[in-house]
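*Asks:* Following is a predicted model, sequence given first.
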Amino acid sequence: MAESVEIFANRALLPHGWATNIALTITPSGAIASIKDNSVPPRGQDQIPLLLPGMVNTHSHAFQRAFAGLTEGHDQAGADFWSWRKTLYDMLRQLTVDDIKNIARYLYIELLKGGYTSVAEFHYLHHLAGIEEVPGLASASAITQAAEDAGIGFTLLPTLYRHSNFGGQDPTPSQKPFIHDIGGFLELLSAL
């Protein structure tokens, strides 16, 4: 059975502000059991110079990681939001639910490596798996599993899209993966 671990830091940002010579006791589950200031580490114990709380990514669209870099460039004359969106739609036609899970897992591991400890995922890929009993449940479950596999804190934010653009315009065929009617969306929320 794993035991608690003590971590020492020269400086740490705590809820009340900066503190020095901090000892943190971390439980086997990763929870902070105690924080003590004015602590001296045992001889030979490493001391972290600076300890900060983990960051939270409050607005993620994990699947978009798969086309990062495909729409940026100094040689793309006339590139704008609409050309970006077309590239997004073209990519989406090729993705499966397994692809979504793998892309999300990769992104969540990158976030952890960058100091993020939690992510809020805006889920709106409701129709990627074709005909489902509850549209969006397979992709939502895949994204949730990806976060669990990566070990990052996770909040799923199911998102309702009903229109193509401002003013209630009808969706284009390329926007079908995003669109939900209110009844179907409520069914998804209930299933989740």
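*Replies:* Yep, it's here. Numbers count the residues shown, from 1 in each chain.

*Asks:* where does the chain have low pLDDT?
*Replies:* Where the chain drops to pLDDT under 70, the residues are 1, 73-76, 129-133.

*Asks:* what's downstream of the strand or helix carrying residue 144, the next helix or strand?
*Replies:* Element membership of residue 144, judged by DSSP states H and E, is helix 137-150. Next in sequence after helix 137-150, counting helices and strands by DSSP H and E, comes strand 153-158.

*Asks:* CA atoms of that next one as PDB?
*Replies:* C-alpha atoms of strand 153-158 as PDB (Å, rounded to 0.1, in the frame of the first residue of the first chain):
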ATOM      1  CA  GLY A 153      -9.400  16.600 -13.500                       C
ATOM      2  CA  PHE A 154     -12.300  16.900 -15.900                       C
ATOM      3  CA  THR A 155     -15.600  18.700 -16.300                       C
ATOM      4  CA  LEU A 156     -17.800  17.800 -19.300                       C
ATOM      5  CA  LEU A 157     -19.800  20.700 -20.600                       C
ATOM      6  CA  PRO A 158     -22.400  19.400 -23.100                       C
END
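
*Asks:* got the buried residues for whichever helix in the chain runs longest?
*Replies:* As assigned by DSSP state H, the longest helix anywhere in the chain is helix 97-113. Going by neighbour count (16 or more other CB atoms under 10 Å), the buried part of helix 97-113 is 97, 99, 100, 101, 102, 103, 104, 105, 107, 108, 111, 112. (Each C-beta comes from the backbone N, C-alpha and C, glycine too.)

*Asks:* pretty sure residue 83 contacts residue 71?
*Replies:* Yes: applying CB atoms under 8 Å, one finds residue 83 in contact with residue 71, separated by 7.0 Å.

*Asks:* Leaving aside the residues adjacent along the chain, what's closest to the residue nearest the centre of the chain?
*Replies:* Against the mean C-alpha coordinate of the chain, by CA atoms, centre = their mean, the closest residue is residue 119 at 3.7 Å. Nearest residue to residue 119 in three dimensions, chain neighbours excluded: residue 57, at 4.5 Å (CB to CB, 6 or more residues apart in numbering).

*Asks:* and what of residue 154?
*Replies:* residue 147 (3.6 Å).

*Asks:* Could you give the number of residues near that neighbour?
*Replies:* 24 (other CB atoms under 10 Å).

*Asks:* if I look at it, how far off is residue 110?
*Replies:* Residue 147 is 13 Å from residue 110, where distance means CB to CB, to the nearest Å.

*Asks:* ok, which stretches of this structure are strands?
*Replies:* Ranges of strands in the chain, per DSSP state E, are 5-14, 17-26, 32-36, 47-51, 55-60, 116-123, 153-158.

*Asks:* Good, we can wrap up now.
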